[in-house]
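Enquirer: have a look at this prediction, sequence included:
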Amino acid sequence: MSGYFKDLISGIKSLAIGLKITNKEFFTKPITLQYPHESVKMSPRYRGHIELIKDEKTGFAKCVACGMCEKGCPSNCISIKSEKVAGVKGKVVRAYLLNFTTCSLCGQCVENCKFDAIKFSNEYNLASTNRKDFEFNLLEKLHPEGIPEPVVDPELLKKEQEKAAAAKKAAEEKAAAAKAAAAEAAAAKEAAEKDTSEAGGESNAEEKS
Amino acid sequence: MNELIRVVIYFVGIAAFLGLNLAYLGWVERKGAGHIQRRTGPKEVGPFGLLQPLADGLKLMSKQLVIPDSADKWLYMSAPVLAMVPAVLMFVAIPWGEEIVPREFNFGLLMIFAFASVAGLSVLMAGWGSGNKYSLIAGTRAVSQSVAYEIPMLITAITIVMITGSMDLNEIVRQQGDYFWKWNIFRFDKSILMPLSFLVFFICSMAETNRAPFDLGEAESELVAGYMTEYGGMGFGLFMMAEYANIVIGCSLTTILFLGGWQSPIGIFPGPHWFLLKMYFLIWCFVWIRWTYPRTTLWGLLNLSWKYLIPFSLVNLLVTALFIKVF
């Protein structure tokens, strides 16, 4: 009989504690995030797809198109298109193509980069019914307003042109020298041939006779 | 002619009151559930989600009524109606204010209990008529629950009738004075166990409406949706509305029997506003309790009734009889 009342009292007590807890929760601010209107602030170490880092001084991507990320990528999802432009130091990145459908977010590219030119983004709103939507050009993402043309350094251009001219001249000279040498050689050869032909003639004659 | 006008006014008034309440109790329930779980509840449709009930109602009304092949057609079709009709009829005896009573009955209390017992029948009909094993189990559960909880509820009501000597609800309210210590819940001169009696009645009214933690009739985790499994569209809608109507009735009855109905707790301005205030407070407690406790087991539910509620209500009946006889 004592157990009966003990059960009753402890039961009522625990029910009252439950009501107190829900009452407290009722007056606490909801933690719901109104998703389409608000979004979560991602933690800095979140691994989204990679993105290029802008050099704040120049306003261009830090990427020098060395291709180490491309080489290190185990799933071959990175390909960089770059070219040499007159008057610009180094190679110019024309497109940094990331095929995110095969990327496993391993981070090898970020590890491999010696220039701190790529990092993981915090982008997680990636949903599409079209796989083409996951083939990013990271350069376009870095410069959404349009990829700027690289700035041509006139001094460098001049130097390069001079160098090119010098090289051309040198090449010409070299070519001329080579030509002269070749001519000389040819002359020498001719002369030698003449000698031999004469001798040969004799021999021919000998043969004929 | 006068009677006819009275009937029309009653019908229109009750329909409007019920329509508003049934729609917005759903909203209150969802908001309450949301905030208790630290969510926000409906908020997109209209300011604070206030138009959500309209959207839900439109959706339910636009749905096709499907009758399953294995169902007993007549039982299946009449069960939701039978759930709703007594819920509306019970309002005929509720005294909203001293002068605002749809119909003054000599024994309104008896009438309400008579109609309330039909609700159990409608659940059984829905369970049996659906031709679905889950519905059938739910129907039998609901009936065993109904039987278990109607007994302490009626015994408690008899206690009140013994104290007041009347089954007229308005008379019961009138006898409770205009200060809160004169309400039946605190009338220690009639029985020292009155607060306990109030608690028993409140728990029983919660169980009668088949609500969590006593919602064994529609235990989602075990029985899909219980006796409502095969219902869609407005069939389901009627059951939901009947549930909320029963909540309103249960809380009104608790207010009338124990909390002094339209009487003021501090002795000023008695009127329907006090009635509504107390009733909505109790309804809020229903919502609060629903979202606090998990569902009881069937034996837990029956144990609570047979081992605690019925003995306590009987003891209170005896104590009240003793007090009335002695003092």
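Expert: Everything's here; your move. Residues are numbered from 1 along each chain as shown, chains lettered A, B, ... in the order given.
Enquirer: doesn't A:Lys41 belong to a helix?
Expert: No - assigned with DSSP: H, G, I helix; E, B strand; the rest coil, A:Lys41 falls outside any helix and is coil.
Enquirer: that one and A:Leu142, how far apart?
Expert: 22 Å (CB to CB, to the nearest Å). From N, CA and C alone the C-beta is placed, and that goes for glycine too.
Enquirer: more crowded one of these two?
Expert: Neighbour totals were compared for A:Lys41 and A:Leu142, and A:Leu142 leads with 18 against 9 (other CB atoms under 10 Å in any protein chain shown).
Enquirer: how many neighbouring residues does the nearest residue to that one once chain neighbours are set aside have?
Expert: Spatial nearest neighbour of A:Leu142, excluding adjacent residues (CB to CB, 6 or more residues apart in numbering or on different chains): A:Leu52 at 4.5 Å. Using other CB under 10 Å, A:Leu52 has 21 other residues around it.
Enquirer: same thing with the one 3 residues further on?
Expert: Neighbours of A:Asp55 under the rule other CB under 10 Å: 14.
Enquirer: now do the same contact list for it.
Expert: The contact partners of A:Asp55, by CB atoms under 8 Å, 6 or more residues apart in numbering or on different chains, come to A:61-62.
Enquirer: pop the domain breakdown of chain A in here.
Expert: For chain A, the structural domains run A:1-31, A:50-151, A:153-209, going by automatic domain parsing.
Enquirer: so is the first one next to chain B?
Expert: Yes - using CB under 8 Å from any CB of the partner chain, domain A:1-31 reaches chain B at A:4, A:8, A:15, A:18-19, A:21-23, A:25-26, A:28-31.
Enquirer: returning to what we had before: most neighbours per residue, which of the domains of chain A?
Expert: Highest mean neighbour count among the domains of chain A (mean count of other CB atoms under 10 Å in any protein chain shown): domain A:50-151, with a mean of 15.
Enquirer: endpoints of that one, how far apart?
Expert: Using CA to CA, to the nearest Å, the end-to-end distance of domain A:50-151 comes out at 26 Å.
Enquirer: stretch B:85-101 too?
Expert: So stretch B:85-101: terminal residues 19 Å apart, CA to CA.
Enquirer: what comes up buried for that stretch?
Expert: B:85-97, B:101 (16 or more other CB atoms under 10 Å in any protein chain shown).
Enquirer: out of those, which are inside strands?
Expert: Using DSSP state E, no member of the buried residues of stretch B:85-101 falls in strands.
Enquirer: name the nearest residue to B:Gly271, sequence neighbours excluded.
Expert: The shortest distance from B:Gly271 to any non-neighbouring residue, by CB to CB, 6+ apart, is to B:Gly97 (5.2 Å).
Enquirer: hmm, B:Ile247 is touching B:Thr209, no?
Expert: Yes - contact criterion CB atoms under 8 Å: B:Ile247 and B:Thr209 qualify, at 5.2 Å.
Enquirer: quick one, which of the two is more surrounded?
Expert: Comparing B:Ile247 with B:Thr209 by other CB under 10 Å, the one with more neighbours is B:Ile247, at 26 against 23.
Enquirer: burial measure for whatever residue of the stretch 151-300 of chain B ends up closest to chain A, as a count.
Expert: Residue nearest to chain A within the stretch 151-300 of chain B: B:Thr292 (4.3 Å; CB to the nearest CB). B:Thr292: 20 surrounding residues under other CB under 10 Å.
Enquirer: from memory it sits against B:Gly32, does it?
Expert: No - with contact defined as CB under 8 Å, B:Thr292 does not reach B:Gly32; the gap is 10.5 Å.
Enquirer: break chain B down into its domains, please.
Expert: B:1-62, B:70-326.
Enquirer: most tightly packed of those?
Expert: Per-stretch averages of neighbours, counted by mean count of other CB under 10 Å, single out domain B:70-326 among the domains of chain B, with a mean of 20.
Enquirer: now do the same end-to-end measure for it.
Expert: One end of domain B:70-326 sits 61 Å from the other (CA to CA).
Enquirer: regarding chain A, what is its longest strand?
Expert: strand A:91-99.
Enquirer: name the helices or strands packed onto the host helix or strand of A:Asp7?
Expert: Assigning secondary structure by DSSP states H and E places A:Asp7 in helix A:2-26. Helices and strands touching helix A:2-26, as assessed by 3 or more CB pairs under 8 Å, 6 or more residues apart in numbering or on different chains; DSSP states H and E, comprise helix B:2-36, helix B:272-290.
Enquirer: okay if I get the ones you listed as JSON lines plus distance to chain A?
Expert: Formatted as JSON lines, the helices and strands packed on helix A:2-26 follow (distance: least, CB to the nearest CB, whole Å):
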{"stretch": "helix B:2-36", "distance to chain A": "5"}
{"stretch": "helix B:272-290", "distance to chain A": "6"}
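Enquirer: okay if I get these as TSV plus distance to B:Leu216 and mean pLDDT?
Expert: Output for those, formatted as TSV (distance: least, CB to CB, whole Å; pLDDT from 0 to 100):
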stretch	distance to B:Leu216	mean pLDDT
helix B:2-36	19	86
helix B:272-290	14	88
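Enquirer: can you lay out those as TSV showing distance to A:Leu105?
Expert: Formatted as TSV, the helices and strands packed on helix A:2-26 follow (distance: least, CB to CB, whole Å):
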stretch	distance to A:Leu105
helix B:2-36	35
helix B:272-290	44
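Enquirer: tell me which of the ones you listed approaches A:Lys132 most closely.
Expert: When these are compared by CB to CB, helix B:2-36 sits nearest A:Lys132, at 40.1 Å.
Enquirer: distance from that closest one to the middle of the chain?
Expert: Relative to its chain's centre, helix B:2-36 lies at 13 Å (CA atoms, centre = their mean, to the nearest Å).
Enquirer: name the nearest residue to residue 111, sequence neighbours excluded.
Expert: Looking at chain A here, since you left the chain open. A:Gly72 (7.4 Å).
Enquirer: try again with chain B
Expert: Spatial nearest neighbour of B:Met111, excluding adjacent residues (CB to CB, 6+ apart): B:Ala93 at 5.4 Å.
Enquirer: so that neighbour sits against B:Gly108, correct?
Expert: Yes - using CB under 8 Å, B:Ala93 makes contact with B:Gly108 at a distance of 3.1 Å.
Enquirer: which residues are in contact with each of those two?
Expert: Listed contacts common to B:Ala93 and B:Gly108 are B:Leu169; contacts here mean CB under 8 Å, 6+ apart.
Enquirer: who's in contact with B:Gly217?
Expert: Contacts of B:Gly217 by CB under 8 Å, 6+ apart are B:123, B:127, B:138-139, B:141-142, B:145, B:210, B:226-227.
Enquirer: please redo it, this time with the cut-off set to 6 Å
Expert: B:Gly217 makes contact with B:123, B:138, B:141-142, B:210, B:226-227, according to CB atoms under 6 Å, 6 or more residues apart in numbering or on different chains.
Enquirer: picking that back up, can you pull the pLDDT of the residue nearest to B:Gly271?
Expert: Per-residue pLDDT puts B:Gly97 at 78.
Enquirer: ok, it - contacts?
Expert: B:262, B:271-272.
Enquirer: now do the contacts for the nearest residue to B:Pro86 once chain neighbours are set aside.
Expert: Closest residue to B:Pro86 apart from its sequence neighbours, by CB to CB, 6+ apart: B:Phe115 at 3.8 Å. The contact partners of B:Phe115, by CB under 6 Å, 6+ apart, come to B:86, B:89-90.
Enquirer: which SSE is B:Phe115 in?
Expert: Assigned by DSSP H and E, B:Phe115 belongs to helix B:108-129.
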